[in-house]
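Undergrad: test case, fold it:
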Amino acid sequence: MTGVAALPFLIFAASQVGTPGPANMALMATGARFGFRAALPFVAGVALGKQLIIWPIGFGLMQLAQRVPLAFEALKWASIAYIFWLAWKVANLRLTAGGDMSEAPGFLAGLWVHPLNPKAWAMIVTGFTSFVAEGTPVLQATATIAACLLALQLLLHPMWTYAGDRIAHLVAGTPAERYLMWTLAALTVASVLLVLLGGETR
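TA: Take a look at the predicted model:
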């Protein structure tokens, strides 16, 4: 029997998309620093950016990974470097109510968050290997995985961004501000290390 186990995959994917990770930490920090509305283009970019890796994986990127493992090893370490840089930027952000909205990261900046996010790669690979029956047409499998993830991201990513916006109103300009940003940065790093050290969901 072919097809995608859509409901079990949605449950699995919700547990991944809705929990702390590099993308959600970036969304939360952006909402905290620039406000919910100003962060929406970045949110849209992050949501659509995952499509840039879903479709190549679905149409055979995994076969290439087996043939050229060194290329994917290089990609992994480039991703780590990016996420650590992102964490450093988050740690040093300071919240200012009514800050300069023109400085908020935009749609294009959001597009690159998931392609350089090890957690996103691990989640998508697990989706194809664990929830797609053998013999399922590639287009059907990929379109189903892509649609499920996009729907979840459009629901959950704005929640993280809005949470950052609300938290900023509580701690901006207080001693708790520095601790908040360093906590977000630490969670960003921890979420990556969890995947890289064997915490990849199966």
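Undergrad: need the contact list for the spatially most central residue of the chain.
TA: Centrality entry for the chain: nearest residue to the mean C-alpha point is A23, 3.3 Å, by C-alpha atoms, centre = their mean. By C-beta atoms under 8 Å, 6 or more residues apart in numbering, A23 lies in contact with 46, 113-114, 117, 119-120, 157. Using the backbone N, CA and C atoms, a C-beta is placed for each residue, glycine as well.
Undergrad: so what's it closest to, chain neighbours aside?
TA: V113 (5.1 Å; C-beta to C-beta, 6 or more residues apart in numbering).
Undergrad: isn't M28 right next to L187, touching?
TA: No. The pair M28 / L187 is not scored as a contact, 9.1 Å apart, by C-beta atoms under 8 Å.
Undergrad: if we can go back for a sec, for the residue nearest to A23, the count of nearby residues, please.
TA: Number of residues near V113 (other C-beta atoms under 10 Å) recorded here: 25.
Undergrad: in contact with it, which residues?
TA: Here V113 is in contact with 22-23, 26, 45-46, 49 (criterion: C-beta under 8 Å, 6+ apart).
Undergrad: now for these, which pair is the farthest apart?
TA: P22 and G45 (14.1 Å; C-beta to C-beta).
Undergrad: ok, back up a step: from the contacts of V113, which is closest to I11?
TA: A23 (19.2 Å).
Undergrad: now the closest one: how far from P158?
TA: Relative to P158, A23 is positioned 12 Å away (criterion: C-beta to C-beta, to the nearest Å).
Undergrad: ok, P8 next?
TA: Counting by C-beta to C-beta, the gap from P8 to P158 is 25 Å.
Undergrad: compare those two (neighbour count), which wins?
TA: P158 (18 against 11).
Undergrad: which strand or helix spans the closest residue to that one other than its chain neighbours?
TA: Once flanking residues are discounted, P158 sits nearest to V43: 5.7 Å by C-beta to C-beta, 6+ apart. Assigned by DSSP states H and E, V43 falls within helix 36-49.
Undergrad: on that earlier part again, so which of M28 and L187 has more stuff around it?
TA: M28 (27 against 19).
Undergrad: and the angle from the one helix or strand that one maps to to helix 36-49?
TA: Assigning secondary structure by DSSP H and E places M28 in helix 22-34. Comparing the axes of helix 22-34 and helix 36-49 via axes from the mean of the first three to the mean of the last three C-alpha atoms, to 10 degrees yields an angle of 160 degrees.
Undergrad: H114 belongs to a strand?
TA: No. Using DSSP: H, G, I helix; E, B strand; the rest coil, the assignment for H114 is coil, not a strand.
Undergrad: that one - how many residues pack around it?
TA: 27.
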